[in-house]
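J.: Could you look at this predicted model? Sequence included:
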Number of protein chains: 2
Amino acid sequence: MLPAQIYDALLDIVGSAYLRIEPSQLVPYSYDATPLFQHLPDAVVFPGSTDEVARILRLCAQTNTKIVPRGNGSGLSGGAVPIEGGIVLEMNRLHALDEIDTANLTATFGPGLVTSQLSKAVEAQGLFYPPDPGSVVISSLGGNVAECAGGMRGLKYGVTKDYVLGLEAVLPNGEVIRTGGKNTKDVAGYDLTKLLIGSEGTLAVITEITVKLLPKPAAKQTAMALFDTLSQAAAAVAAIIAGRILPATLEFLDQPTLKAVEAYTHAGLPTDVAALLLIEQDGAAVVVQEEMERIAAICRQQGAREVRLARDAQEGEALMSARRATLPALSRLRPTTILEDATVPRAQLATMVERINAIAAHHGVMISTFGHAGDGNLHPTALTDARNPEEIEAVEQAFDDIFRTALQLGGTITGEHGVGLAKAAYMEVRFGKAAIEVMKGIKRAFDPQGILNPGKMFAAQTPRRVVVNHDP
Amino acid sequence: MLPAQIYDALLDIVGSAYLRIEPSQLVPYSYDATPLFQHLPDAVVFPGSTDEVARILRLCAQTNTKIVPRGNGSGLSGGAVPIEGGIVLEMNRLHALDEIDTANLTATFGPGLVTSQLSKAVEAQGLFYPPDPGSVVISSLGGNVAECAGGMRGLKYGVTKDYVLGLEAVLPNGEVIRTGGKNTKDVAGYDLTKLLIGSEGTLAVITEITVKLLPKPAAKQTAMALFDTLSQAAAAVAAIIAGRILPATLEFLDQPTLKAVEAYTHAGLPTDVAALLLIEQDGAAVVVQEEMERIAAICRQQGAREVRLARDAQEGEALMSARRATLPALSRLRPTTILEDATVPRAQLATMVERINAIAAHHGVMISTFGHAGDGNLHPTALTDARNPEEIEAVEQAFDDIFRTALQLGGTITGEHGVGLAKAAYMEVRFGKAAIEVMKGIKRAFDPQGILNPGKMFAAQTPRRVVVNHDP
């Protein structure tokens, strides 16, 4: 329950149209795209300006009220779930695309702008914003920055962190800061820009973003390669890299994923192969053609049963749609889909997929794996049923094994989804006590009262996912 | 003076061969490449392992002793000057190139490795490490990471921060932490890797570095364009970017710099032009040729008096040597050379150079300007005499005006040299009180006692450079 005094103050800041406290209106803000994590907030507020954000945070600091920033709720680590209640700060009114600066190759916009809207707007000017998380058509760029979203172009182009040049952000005490700017080079002070990216809304609330843009590549080509064994596919990935080619996209689907996609799309994909690689290169037309031919030859040398080079953009898009269909296709098979993102150095790809399969078999759970082969960022996806506690327990144990295996192989617990609630318990395993203490010190430097997105990043106790019922 | 107890403990850790306390031996460690900042340390210690670094830092924490990490002393902001005395921790024994991982496209090495040695080693394997600070043949990579070194390839390839994937570092309390790793994607926890890059040795001591590598570009071509006016040169830069070309290198020399270089090199450069652009593109041979021809045409359209395309690598190297000769050429003209790096968004290039010239004239000081036109990172360089206090005062005032002008134009106080002692007084002007308080909180999270590289980044009081005499 929100105290009347705070309700009145919020009303004064945003007006009644932008404040919700009815339980039925709060439910959509009690979860994000991560299964099994849920908690009702006490209120949802929709600020319309940086100044309103600052006033809301000042109010929260004065009244010691917890507050959770939220974009469009497409996150996959529970980062936007108000697990301790409090106020949800929904940022999607701040969605203006303020500027595309073609001289400095930057764009500046509000955190509520949807990722694909930015991409389209800059492409219309012959420019290119590479990060493309799977949720690109719904995710907000503020969420992308908070989680450091990745996507299918990580190998060649990097992730959100590699493009954000400057931020406006509001500290938990209500002070507005500006970090970075439009400068390509800027080494003044500690890099608060990069620190805020991926900080999951635990340090400050992002109110404006400036990113760098690239010239749009002139051409693009897509290919699909089919392999009878996993190790052939992994050898092809290694041989492409050894050939000193960095494809824009180098995606992997295992057989169970492929079967699900074919059952869903009826695109005519063969389902009797062990692995499919989807490869895309962009750049100058002559280079793209030459490199795609070399890639096709490499795949054949490594034993590909078939290599299909798309003849045009439309056929390329059709091939890529198989990859984009993975999650909806898998989601149809069982009531609950848990998409994870254990990540390993690229050279450990085959080992990791084999270990995932062995772990799934050991625990008797269904796990399909697809993901970004080029950057070792895998998405082992459990198909399960949240209503079956025993099965969920087995899934949890399987993921526990998977995360620890990724770490043993020099990998990490999350490549692009974030820590949030889902991985908080693994932070100390990943980093050790000394580094965690430093991170907690950083949290205190920004948020001494601990009011901003509490319960995230640093675990209270258990790695288990829980459905929290909250009686408002 | 180093207390006997600390001396004995250091002796026990590193042995007598790696400890210096004689004043004559300390003098080379009392300054770096930044004019006018100097202070004798009480001791210099040369650790031979991470464990020795950890033991030394633990000793310093226990005895509340100040300690200043140092690479090869090529820094340009006074970052390695032990301005409050204490121990200099010279890291250059840790210079092993541990691994070039051609499967994961990474290299791992000690902080003492010299930048150009890494570049050569990876190029021998067909790979590429793009950051190339001007001091590349002497600078240590630990120093590059501490200062986030840039160089001539920033526009297309970014800076040191864009390549470091993981670090081993020792906290001021002696605890060893590992950040990042070989993963292309890794969003676990606050990004301590990026936070340590550019933290100027104030947060932790870097003991191992892992960087990502790129495939080595197949071809490279160089061109020189000469302009009668500054605005023509700036318009050419803008038109190249507007043409959606990102050259690997896009350097600018003004007339005074050009005259100094010609007097030094006798390379036959014309000295009656207002500005020279040096342009280099790399990539696939066909693309490089096509883009360089477009660049040449753009320069002519913008009124270039002459555009010279190098016919081969040797001629390209000869053109680039004019740029590399700028600092030695300018240094010959007066006893003291103060190289600054005020930076503006690329589109403000011409305005900034004009303002610098007006400021220099106003204060009656000699300032030549050259730098990285493509990324707005200018090096206004004062030619002066440290023995003349009045002239130095005028130079200080001119730089004060220059830094404030850069900030007014949306720029920053340092593009690639760091804050150190030289810019500490401008930090609050750049960021405001609230952001500075957060940065100081971050400093406390790592270094609660304030023993690591004290006096840097955050100013005590004055922006003036001072020669500090220290009687040991």
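T.: Great, that's in hand.
J.: CA only for contacts and neighbour counts going forward, please
T.: Will do.
J.: longest helix of chain A?
T.: Across chain A, the helix with the greatest residue count (assigned by DSSP state H) is helix A:389-408.
J.: what packs against that helix?
T.: When contacts are defined as 3 or more Cα pairs under 8 Å, 6 or more residues apart in numbering or on different chains; DSSP states H and E, helix A:389-408 packs onto helix A:349-363, strand A:377-384.
J.: of all these, which lies closest to A:T193?
T.: Proximity to A:T193 (Cα to Cα) singles out strand A:377-384 among those, at 24.0 Å.
J.: what pLDDT, on average, does that closest one get?
T.: What strand A:377-384 shows for mean pLDDT is 95.
J.: Could you figure out how far that strand is turned away from helix A:389-408?
T.: Strand A:377-384 runs at 170 degrees relative to helix A:389-408, counting by axes from the mean of the first three to the mean of the last three Cα atoms, to 10 degrees.
J.: Report the distance from strand A:377-384 to the chain centre.
T.: Centre-to-centre, strand A:377-384 and its host chain are 14 Å apart (Cα atoms, centre = their mean, to the nearest Å).
J.: can you check stretch A:278-285 too?
T.: What separates the centre of stretch A:278-285 from the centre of its chain is 23 Å, taken as Cα atoms, centre = their mean.
J.: What of stretch A:262-269?
T.: With Cα atoms, centre = their mean, you get 26 Å for stretch A:262-269.
J.: Now that stretch: average pLDDT?
T.: Rounded mean pLDDT across stretch A:262-269 is 91.
J.: Determine how far the last residue of it lies from the first.
T.: End-to-end span of stretch A:262-269 (Cα to Cα, to the nearest Å): 6 Å.
J.: who touches it?
T.: Outside stretch A:262-269, the residues that touch it by Cα atoms under 8 Å, 6 or more residues apart in numbering or on different chains are A:258, A:270-271, A:322, A:325, A:329.
J.: Closest residue of the stretch 101-250 of chain A to chain B?
T.: Residue of the stretch 101-250 of chain A nearest chain B, by Cα to the nearest Cα: A:D186 (4.3 Å).
J.: Look up the closest residue to that residue, ignoring the ones flanking it.
T.: B:G415 (4.3 Å; Cα to Cα, 6 or more residues apart in numbering or on different chains).
J.: got the residues of the stretch 301-450 of chain A near chain B?
T.: A:343-347, A:375-377, A:410-419, A:427, A:431-432, A:434-435, A:438-439, A:441-442, A:444-446 (Cα under 8 Å from any Cα of the partner chain).
J.: Convert the C-alpha atoms of the helix or strand hosting A:L11 to PDB, please.
T.: If you go by DSSP states H and E, A:L11 is part of helix A:4-14. Extracted as PDB, the C-alpha positions of helix A:4-14 are listed here (Å, rounded to 0.1, in the frame of the first residue of the first chain):
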ATOM      1  CA  ALA A   4      -1.500   8.700   1.100                       C
ATOM      2  CA  GLN A   5       1.200  11.400   1.500                       C
ATOM      3  CA  ILE A   6       3.300   9.800  -1.300                       C
ATOM      4  CA  TYR A   7       0.300   9.200  -3.500                       C
ATOM      5  CA  ASP A   8      -0.600  12.900  -3.200                       C
ATOM      6  CA  ALA A   9       2.900  14.000  -4.000                       C
ATOM      7  CA  LEU A  10       3.100  11.700  -7.100                       C
ATOM      8  CA  LEU A  11      -0.300  13.100  -8.200                       C
ATOM      9  CA  ASP A  12       1.100  16.600  -7.900                       C
ATOM     10  CA  ILE A  13       4.100  15.700 -10.000                       C
ATOM     11  CA  VAL A  14       2.600  13.700 -12.900                       C
END
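J.: Contact partners for the nearest residue to A:G126 once chain neighbours are set aside?
T.: In space, and not counting its chain neighbours, A:G126 is closest to A:K216: 5.3 Å by Cα to Cα, 6+ apart. Contacts of A:K216 were listed using Cα under 8 Å, 6+ apart, and they are A:123, A:126-128, B:244.
J.: Next: A:T414.
T.: Shown in contact with A:T414 (Cα under 8 Å, 6+ apart): A:340-343, A:423, B:186-188.
J.: re earlier: scan the contacts of A:K216 and report the most crowded one.
T.: A:L127 (22 neighbours; other Cα atoms under 10 Å in any protein chain shown).
J.: Do you have the helices of the stretch 151-300 of chain A handy? List them.
T.: A:154-157, A:192-196, A:230-242, A:255-265, A:285-301 (DSSP state H, counting those that start in this stretch).
J.: In JSON lines: the ones you listed, plus mean neighbour count.
T.: What follows is the helices of the stretch 151-300 of chain A, written out as JSON lines (neighbours: other Cα atoms under 10 Å in any protein chain shown):
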{"stretch": "helix A:154-157", "mean neighbour count": "22"}
{"stretch": "helix A:192-196", "mean neighbour count": "23"}
{"stretch": "helix A:230-242", "mean neighbour count": "22"}
{"stretch": "helix A:255-265", "mean neighbour count": "21"}
{"stretch": "helix A:285-301", "mean neighbour count": "18"}
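J.: Thank you kindly, that will do.
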